[in-house]
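A.B. asks: Mind folding the following:
(one chain, ligands or ions: 1)
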Amino acid sequence: MSGDDLTDPELASEAELAFEGALRPKSLEEFVGQTRVRGQLQLLLTAAVMQQRTPDHILLAGPPGLGKTTLAMIVAHEGGRPLRMSSGPAIQHAGDLAAILSSLVPGEVLFIDEIHRMARSAEEMLYLAMEDFRIDIMVGKGAGATSVPLDLSPFTLVGATTRAGLLPNPLRDRFGFTAHLEFYDEAELEQVLARAAAMLGLPIDGEAVAEIAGRCRGTPRIANRLLRRVRDYVLVHGSGRADGSGGRTGRADLEAVRAALDLYDVDELGLDRLDRAVMQTVLTRFGGGPVGLNTLAVSVGEESETIEAVVEPFLVRIGLIVRTPRGRMATPEAWRHFGLSERAPDAATALPIDDL
Ligand SMILES: Nc1ncnc2c1ncn2[C@@H]1O[C@H](COP(=O)(O)OP(=O)(O)OP(=O)(O)O)[C@@H](O)[C@H]1O
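C.D. replies: Reported below is the predicted structural model:
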């Protein structure tokens, strides 16, 4: 994994998936942060148990790596229900969805990740399934085609999306509850990291934990990933102390964290190359903006969906960019962070991307 990939909340290698699986909290109580969402979910799940029915359908919205899959697993686990996992891109025809829905057992939790990427025909089938636990299956073709109703077992749909705005209203309205996951604050990330370090058997200093928490884009997935790189660093070099007194099995200290994260090009705000490229484009090529999303995406050679769902929410959150009706604009803080003084757009004097 390169330095860029290290802070990409969407990427996850197989080894990382196994590692994530081991670190996933299994209950709402163990789940760190998102206090409001946790309270709302707890109420919804408890009420369903008291009424002996399947919980309402749940939509989890928010940037990648904040715990949507983990929460879906918890919904199943807390209710002692089986879990079926699928994803929008895997459902390209209504038939794909019909096959899944018709094989659900009573009370099963169906998790559909990236639900906004499901085929339109499947989406329409889902409306009836969510509302009446029923689907209509088309048999035959052309004039002779007939629709045959099929009853389904009651189930709970947990949909996850990084782009709630892309879901058609009829689908969004059929979820009984929508949870908007927020980036985690540093105290919460410190808890995530301390828990993960303990599970990895990695002794780590408090200030080292705080340093990682400040550089992981408010995202537990990145926090855990950076922690793994720090663990590697300590394993190979010992702790970061100049005198090497940490030894090969040393503690992860502040020096080790700084050395490991600098090695992977993760700066003190957690910005990676793509973030920096976006900021540089806004600042130097467009004089601080406003600049439209598509122009920005083309300028940095990235898909606008990635800029909108992954890069921008974080840059907005840390106050480097604001969204205005006319486009994205850099804040005074952005000019300061990049050591530039505000000036008019001037393509001729734009810095090459590698200068930042
Ligand atoms: N609140 C939390 N407390 C502790 N660990 C967490 C929390 N949220 C997420 N994690 C950790 O972060 C990792 C990523 O979480 P998860 O896969 O649930 O994110 P996601 O939002 O579903 O991401 P994606 O949309 O990319 O699938 C998991 O391994 C989990 O251990």
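A.B. asks: alpha carbons only for contacts and neighbour counts from here, please
C.D. replies: Fine.
A.B. asks: mind checking which helix or strand Asp262 is in?
C.D. replies: helix 254-263 (DSSP states H and E).
A.B. asks: any idea of the mean pLDDT in that helix?
C.D. replies: Mean per-residue pLDDT for helix 254-263: 90.
A.B. asks: just stretch 62-71 next, same as before
C.D. replies: For stretch 62-71, the per-residue pLDDT averages 93.
A.B. asks: Keeping just the C-alphas, turn that stretch into CSV.
C.D. replies: What follows is stretch 62-71, C-alpha atoms only, in CSV (Å, rounded to 0.1, in the frame of the first residue of the first chain):
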residue,chain,number,x,y,z
GLY,A,62,-21.8,9.2,5.7
PRO,A,63,-18.2,9.1,4.3
PRO,A,64,-16.4,5.7,4.1
GLY,A,65,-14.7,4.1,7.0
LEU,A,66,-16.9,5.6,9.8
GLY,A,67,-18.5,2.4,10.8
LYS,A,68,-21.5,1.7,8.6
THR,A,69,-20.7,-2.0,8.0
THR,A,70,-19.9,-2.3,11.7
LEU,A,71,-23.2,-0.9,12.7
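A.B. asks: Residues of the stretch 201-350 of the chain that sit close to the ligand?
C.D. replies: Within the stretch 201-350 of the chain, the residues that sit near the ligand (CA under 6 Å from any ligand atom) are 220-221.
A.B. asks: what are the ranges of the helices in the stretch 201-350 of the chain?
C.D. replies: 206-214, 220-237, 254-263, 273-280, 293-300, 304-306, 312-317, 332-337 (DSSP state H, counting those that start in this stretch).
A.B. asks: now those in TSV, with mean neighbour count and distance to Val148?
C.D. replies: Output for these, formatted as TSV (neighbours: other CA atoms under 10 Å; distance: least, CA to CA, whole Å):
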stretch	mean neighbour count	distance to Val148
helix 206-214	21	54
helix 220-237	22	44
helix 254-263	20	58
helix 273-280	21	50
helix 293-300	16	44
helix 304-306	15	38
helix 312-317	19	45
helix 332-337	16	59
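A.B. asks: for the ones you listed, which one sits closest to Glu123?
C.D. replies: helix 304-306 (20.3 Å; CA to CA).
A.B. asks: Summarise which helices and strands the closest one is packed against.
C.D. replies: helix 293-300 (3 or more CA pairs under 8 Å, 6 or more residues apart in numbering; DSSP states H and E).
A.B. asks: got the angle between the helix it packs on and helix 273-280?
C.D. replies: Helix 293-300 and helix 273-280 are oriented at 120 degrees to each other (axes from the mean of the first three to the mean of the last three CA atoms, to 10 degrees).
A.B. asks: roughly how far out does helix 293-300 sit from the chain middle?
C.D. replies: 22 Å (CA atoms, centre = their mean, to the nearest Å).
A.B. asks: got the contact list for it?
C.D. replies: Helix 293-300 has contacts (CA atoms under 8 Å, 6 or more residues apart in numbering) with 274, 277-278, 281-282, 303-304, 307-308, 327-328.
A.B. asks: farthest pair in those?
C.D. replies: Leu274 and Gly327 (18.7 Å).
A.B. asks: gap between the most centrally placed residue in the chain and Val209?
C.D. replies: When CA atoms, centre = their mean is applied to the chain, the residue found nearest the centroid is Pro64 (1.2 Å). To Val209, Pro64 is 22 Å away according to CA to CA, to the nearest Å.
A.B. asks: nearest to Asp173, of the helices of the stretch 201-350 of the chain?
C.D. replies: Nearest to Asp173 among those is helix 304-306 (23.3 Å), distances taken as CA to CA.
A.B. asks: What sits closest to whichever residue of the stretch 251-356 of the chain sits closest to the ligand if chain neighbours are left out?
C.D. replies: When scored by CA to the nearest ligand atom, the stretch 251-356 of the chain has Val310 as its residue closest to the ligand, at 10.1 Å. Nearest residue to Val310, sequence neighbours excluded (CA to CA, 6 or more residues apart in numbering): Pro63, at 6.1 Å.
A.B. asks: Just confirm that neighbour contacts Ala309, I think it does.
C.D. replies: Yes. Pro63 is within contact range of Ala309, at 6.1 Å (criterion: CA atoms under 8 Å).
A.B. asks: between those two, which one's more packed in?
C.D. replies: Neighbour count, other CA atoms under 10 Å: between Pro63 and Ala309, Pro63 has more, with 25 against 16.
A.B. asks: Alpha carbons of the host helix or strand of Leu126, as PDB, please.
C.D. replies: Using DSSP H and E, Leu126 maps to helix 120-132. Extracted C-alpha coordinates of helix 120-132, given in PDB (Å, rounded to 0.1, in the frame of the first residue of the first chain):
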ATOM      1  CA  ARG A 120     -32.900   1.300 -11.100                       C
ATOM      2  CA  SER A 121     -35.100  -1.800 -11.800                       C
ATOM      3  CA  ALA A 122     -33.900  -3.400  -8.500                       C
ATOM      4  CA  GLU A 123     -34.600  -0.200  -6.700                       C
ATOM      5  CA  GLU A 124     -38.200  -0.300  -7.800                       C
ATOM      6  CA  MET A 125     -38.600  -3.900  -6.700                       C
ATOM      7  CA  LEU A 126     -37.200  -2.900  -3.300                       C
ATOM      8  CA  TYR A 127     -40.000  -0.400  -2.700                       C
ATOM      9  CA  LEU A 128     -42.700  -3.100  -2.500                       C
ATOM     10  CA  ALA A 129     -40.400  -5.500  -0.600                       C
ATOM     11  CA  MET A 130     -39.600  -2.900   2.100                       C
ATOM     12  CA  GLU A 131     -43.200  -1.900   2.500                       C
ATOM     13  CA  ASP A 132     -45.200  -5.100   2.200                       C
END
